[in-house]
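**Q** sequence and predicted model, in that order:
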Amino acid sequence: MIELVSAERCTGCNICVAVCPTNVFDPAPKAMAGALPTIARGADCQTCFMCELYCPEDALYVAPEADHAVEVDEAALIEAGLVGSYRAVIGWSPQTAPRRRIDSTFRLIKGF
Amino acid sequence: MSLKPDVPATRAALDLDADVLVLGGGPAGTWAALAAARAGARVVLADKGFCGTSGATAPSGTGVWYVPPDPERRQAAFLARDTLGGHLADRRWAMRVLDRTHRSVDELAARGYPFPLDDEGAPARGSLQGPEYMRLMRKLVKGAGVRILDHSPALELLVDAEGAVAGARGLRRQQGDDWAVRAGAVVIATGGCAFLSRALGCNVLTGDGLLMAAELGAELSGMEFSNAYGISPTFASVTKTLLYKWATFTEPGGAAIPGAASQGGRSIIARWLARGPVYARLDQAEPGLRASMREAQPNFFVPFDRMGIDPFTQRFPVTLRLEGTVRGTGGLRIVDESCATTVPGLFAAGDAATRELICGGFTGGGSHNAAWAISSGQWAGAGAAAHGTRQRGARRGAAPAGTVGLRAGTARAFDPQEATRRVQAEVFPFDINYFRSGDGLHAALGRLDGLWQSLRAADAAGTAEVVKAREAAAMTAVARWMYRSALARTESRGMHRRADHPEADPTQLRHIFSGGLDEAWAAPAAPLARPQAELAA
Ligand SMILES: Cc1cc2nc3c(=O)[nH]c(=O)nc-3n(C[C@H](O)[C@H](O)[C@H](O)COP(=O)(O)OP(=O)(O)OC[C@H]3O[C@@H](n4cnc5c(N)ncnc54)[C@H](O)[C@@H]3O)c2cc1C
Ligand code: SF4
Ligand code: SF4
């Protein structure tokens, strides 16, 4: 479930608020500099990782545990290279764009 | 049914007119909206979540039934699944879908989907990465001039004096107000029903469209094929199952479980899970294949990498999450080639429509669902455009047709969480839903009918609760059609397995139709002639 909006990284663009299919976030108030969106309905999170993929700042972390909330340690996650890791691997980070074309499903499923 | 054609539709904060209203913005809804717009219709698409991230495909990705236009290969593709599906599939529909899917996937390539090249340097187009695919679909839909309403769950359909659909209304949950769209035709593309099991991408899929359609009298088909369970790590949501082909499943002591497998041995996993934990390790995958597995399904590995588990060398606990009709095949009954339902002006596509036409009673892993969403979406969109544009200028009524959770009752509004838990208690357990029996189904149905009666008597939900209340009502309705249909099929066929009728019965080669709300019903349709079934026998 979604566990982290990094105050350090988040710019308050509210893209995550728009794209979360289950409406987990409340938006960062526009008028307040440095404000973040809040995880207002965390229990509705379906652990789909889509918010992470759309966050341009790699400011979100979705913990793999789908059925209950867990504590996370931002510094340790960053240290372990986990924040933004999924976005990078599918080629949605600016630095990894060539990866978009990678899909070796053809090696696993033989077609007709 | 509570049709009140004399009641004028209340004005909404956002009030629109359209030729075609598409409900749901997954693959089926986006292809429908594209096709309708291309046919010259004015189109609005409303999604409960966000068109582009919402639904089963966006986070999961799908293999696609993509077969080149070679009659022999297509025949082979059809027959490969026909037996598993219990011979209910219709060859003509399968060929139609193969044809449309092939052309449409090629169109995606032309529109910029980054398909890879295979080891021979030829384009490989049998797989769509979900985030990439659905981001592109949103772009194409917007480019076609479709008005998209995100975070706008539909609550109920609107109906005219003749009983034809006239639009829908719902909430704009991020604005805190409501919307209404008066439309000449409506496409239901709200996906399947996975009962809030937290299977990947599935918690927006609660059968809302099926309930709304049934409130106008629409019929369903194949609702007995609704007990798909996806394998996931116990702790995680990721019900991607292909890679478990390379897994060894073990009991707590470490011994391999005889017969347990992702394909053809999933029921054995269920039996062992009923007794205690089951573990998996992808130790059948040659080291040379592992990188390809990661590159094929990056989402599969996210939970493992985050837990610090190497799934190739370390075992991890697994569970089965109910995916219901998402990877089942039941849905709204289709009556013609334009994917019309039994209600005038109402069309259905994707998981909301029955997929029996192309794969009978079984999909599991396999690509038929994606192909069906692409094809049925376009047929429904085109059909709705033709019907909807004919209604232009007609002065028609548009009365709200919703029931449970929306209208005054004799009891206090119900608690959606509590109702949801009660439905889940009837549909999650393997011993009721996976391994079915007449007695078990009967007992569950009695409790579900009781639940429906209590929801029916309750007052309308408040704005804060109404979406969840309608979801709970829809799941209750879906469960009742499922189990009535399962009782009506006194045999085992496709994914529907009856412990008390373990064999297929040749005289039951026919669909089971269902519908109704207070008087929910299921009844066998006319027997089908299936030459391929006779050949196989
Ligand atoms: C883990 C997983 C793996 C899968 N793998 C494959 C595969 O390899 N091959 C394959 O063919 N199929 C696969 N499937 C199935 C495939 O994902 C679905 O068949 C496909 O997504 C169906 O498309 P759809 O548009 O009908 O529904 P969805 O993609 O589920 O979209 C439905 C949309 O309707 C919206 N909606 C719901 N209720 C409302 C409402 N009340 N108002 C407005 N909008 C609403 C939702 O928000 C959602 O956006 C898989 C499914 C899962 C879960
Ligand atoms: S998308 Fe990322 S940067 Fe933008 S508000 Fe959300 S967390 Fe902050
Ligand atoms: S993981 Fe999915 S459901 Fe959870 S907050 Fe992110 S986008 Fe929303």
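**A** Yes, it's here. Ligands and ions are numbered 1, 2, ... in the order given.

**Q** spatially nearest residue to the closest residue to ligand 1 within chain A (excluding sequence neighbours)?
**A** With C-beta to the nearest ligand atom as the measure, A:Pro21 is the residue of chain A nearest to ligand 1, at 5.9 Å. In this view, the C-beta of every residue, glycine as well, is placed from N, C-alpha and C. Nearest residue to A:Pro21, sequence neighbours excluded (C-beta to C-beta, 6 or more residues apart in numbering or on different chains): B:Gly49, at 3.1 Å.

**Q** repeat that for B:Phe428.
**A** Spatial nearest neighbour of B:Phe428, chain neighbours left out: B:Leu322 (5.5 Å); criterion: C-beta to C-beta, 6+ apart.

**Q** before we move on, what about A:Cys20?
**A** In space, and not counting its chain neighbours, A:Cys20 is closest to A:Cys51: 5.2 Å by C-beta to C-beta, 6+ apart.

**Q** then B:Ala274?
**A** Closest residue in space to B:Ala274, ignoring its immediate chain neighbours: B:Phe430 at 5.6 Å, by C-beta to C-beta, 6+ apart.

**Q** contact partners for the one you found?
**A** For B:Phe430, the contacting residues are B:229, B:270-271, B:273-274, B:320, by C-beta atoms under 8 Å, 6 or more residues apart in numbering or on different chains.

**Q** rewinding a little: which SS state does the residue nearest to A:Pro21 fall under?
**A** coil (DSSP: H, G, I helix; E, B strand; the rest coil).

**Q** and the nearest residue to B:Ala228 once chain neighbours are set aside, how many neighbours?
**A** With sequence-adjacent residues excluded and distances taken as C-beta to C-beta, 6+ apart, B:Ala228 is closest to B:Arg327, at 3.8 Å. By other C-beta atoms under 10 Å in any protein chain shown, the residues close to B:Arg327 number 30.

**Q** tell me how far stretch B:141-156 lies from the chain's centre.
**A** Centroid separation for stretch B:141-156 versus its chain: 19 Å, with C-alpha atoms, centre = their mean, to the nearest Å.

**Q** may I have the beta-bridge partners of B:Leu14?
**A** Note on B:Leu14: beta-bridge partners by DSSP bridges are B:Trp179.

**Q** for B:Gly494, see how far away the residue nearest to A:Pro21 is.
**A** To B:Gly494, B:Gly49 is 30 Å away according to C-beta to C-beta, to the nearest Å.

**Q** check B:Ala36 too.
**A** From B:Ala36 to B:Gly494 the distance is 32 Å (C-beta to C-beta).

**Q** show me which of those two is the more surrounded one.
**A** B:Ala36 (35 against 26).

**Q** now do the same for the more buried one: helix, strand or coil?
**A** helix.

**Q** could you pull out the strands for chain A?
**A** Per DSSP state E, chain A carries strands over the ranges A:2-5, A:25-26, A:38-39, A:60-62.

**Q** and the residue of chain A closest to ligand 1, how many neighbours?
**A** When neighbours are counted by other C-beta under 10 Å, A:Pro21 comes out with 28.

**Q** and A:Glu57, by the same measure?
**A** 15.

**Q** sorry, back to before: isn't the residue nearest to A:Cys20 right up against A:Tyr61?
**A** No: assessed by C-beta atoms under 8 Å, A:Cys51 is found out of contact with A:Tyr61, at 9.8 Å.

**Q** what do those two both touch?
**A** Residues touching both A:Cys51 and A:Tyr61 by C-beta under 8 Å, 6+ apart: A:Ile2.

**Q** residues of chain A that sit close to ligand 1?
**A** Residues of chain A lying close to ligand 1 (C-beta under 6 Å from any ligand atom) are A:Pro21.

**Q** spatially central residue for chain A, please.
**A** What sits nearest the mean C-alpha location of chain A, by C-alpha atoms, centre = their mean, is A:Glu52, with 1.5 Å.

**Q** how far away is that residue from A:Leu108?
**A** In terms of C-beta to C-beta, A:Glu52 sits 25 Å off from A:Leu108.

**Q** same check, this time on B:Glu132
**A** The gap separating B:Glu132 from A:Leu108 is 18 Å, by C-beta to C-beta.

**Q** please identify which of these two sits among more neighbours.
**A** B:Glu132 (23 against 19).

**Q** these two touch, right, the more buried one and B:Pro116?
**A** No: the criterion here is C-beta under 8 Å, and B:Glu132 misses it with B:Pro116 at 11.4 Å.

**Q** what secondary structure does the residue of chain B most remote from its centre sit in?
**A** Computed with C-alpha atoms, centre = their mean, the residue of chain B farthest from its C-alpha average is B:Gly253, at 37.5 Å. B:Gly253 falls in the coil class when you classify it by three-state DSSP.

**Q** about what we covered before: report pLDDT for the closest residue to the residue nearest to the centre of chain A other than its chain neighbours.
**A** Nearest-residue entry for A:Glu52: A:Leu60, 4.9 Å, with adjacent residues in sequence omitted and distances by C-beta to C-beta, 6+ apart. A:Leu60 is assigned 98 on the pLDDT scale.

**Q** ok, now how distant is the residue nearest to the centre of chain A from A:Ile15?
**A** The value you get for A:Glu52 to A:Ile15, if C-beta to C-beta is used, is 11 Å.

**Q** buried set for stretch B:139-156?
**A** Buried residues in stretch B:139-156, counted by 16 or more other C-beta atoms under 10 Å in any protein chain shown: B:140-141, B:146-156.

**Q** rebuild those as a markdown table, extending it with pLDDT, distance to chain A and secondary structure.
**A** Converted to a markdown table, those look like this (pLDDT from 0 to 100; distance: C-beta to the nearest C-beta, whole Å; DSSP: H, G, I helix; E, B strand; the rest coil):
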| residue | pLDDT | distance to chain A | secondary structure |
| --- | --- | --- | --- |
| B:Leu140 | 98 | 17 | helix |
| B:Val141 | 98 | 15 | helix |
| B:Val146 | 98 | 17 | coil |
| B:Arg147 | 98 | 16 | strand |
| B:Ile148 | 98 | 11 | strand |
| B:Leu149 | 98 | 13 | strand |
| B:Asp150 | 98 | 7 | coil |
| B:His151 | 98 | 6 | coil |
| B:Ser152 | 98 | 11 | coil |
| B:Pro153 | 98 | 9 | coil |
| B:Ala154 | 98 | 15 | strand |
| B:Leu155 | 98 | 15 | strand |
| B:Glu156 | 98 | 20 | strand |
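
**Q** filter those by proximity to ligand 1?
**A** Within these, those near ligand 1 by C-beta under 6 Å from any ligand atom are B:153-154.

**Q** which one among the buried residues of stretch B:139-156 gets closest to B:Arg111?
**A** Lowest distance from B:Arg111 to the buried residues of stretch B:139-156 (C-beta to C-beta) belongs to B:Leu140, with 6.3 Å.

**Q** can you pull the contacts of the closest residue to B:Pro258 other than its chain neighbours?
**A** Once flanking residues are discounted, B:Pro258 sits nearest to B:Ile268: 7.6 Å by C-beta to C-beta, 6+ apart. Contacts for B:Ile268 (C-beta under 8 Å, 6+ apart) come out as B:257-261.

**Q** as TSV, the residues you listed with distance to ligand 2 would be great.
**A** As requested, the contacts of B:Ile268 are arranged in TSV below (distance: C-beta to the nearest ligand atom, whole Å):
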residue	distance to ligand 2
B:Ile257	43
B:Pro258	48
B:Gly259	46
B:Ala260	41
B:Ala261	41
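
**Q** quick one: which of those residues is most hemmed in?
**A** Result: B:Ala260 is most packed of those (other C-beta under 10 Å), 24 neighbours.

**Q** make CSV out of the contacts of B:Ile268 and add pLDDT.
**A** Listed next are the contacts of B:Ile268 as CSV, based on pLDDT from 0 to 100:
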residue, pLDDT
B:Ile257, 98
B:Pro258, 97
B:Gly259, 97
B:Ala260, 97
B:Ala261, 95
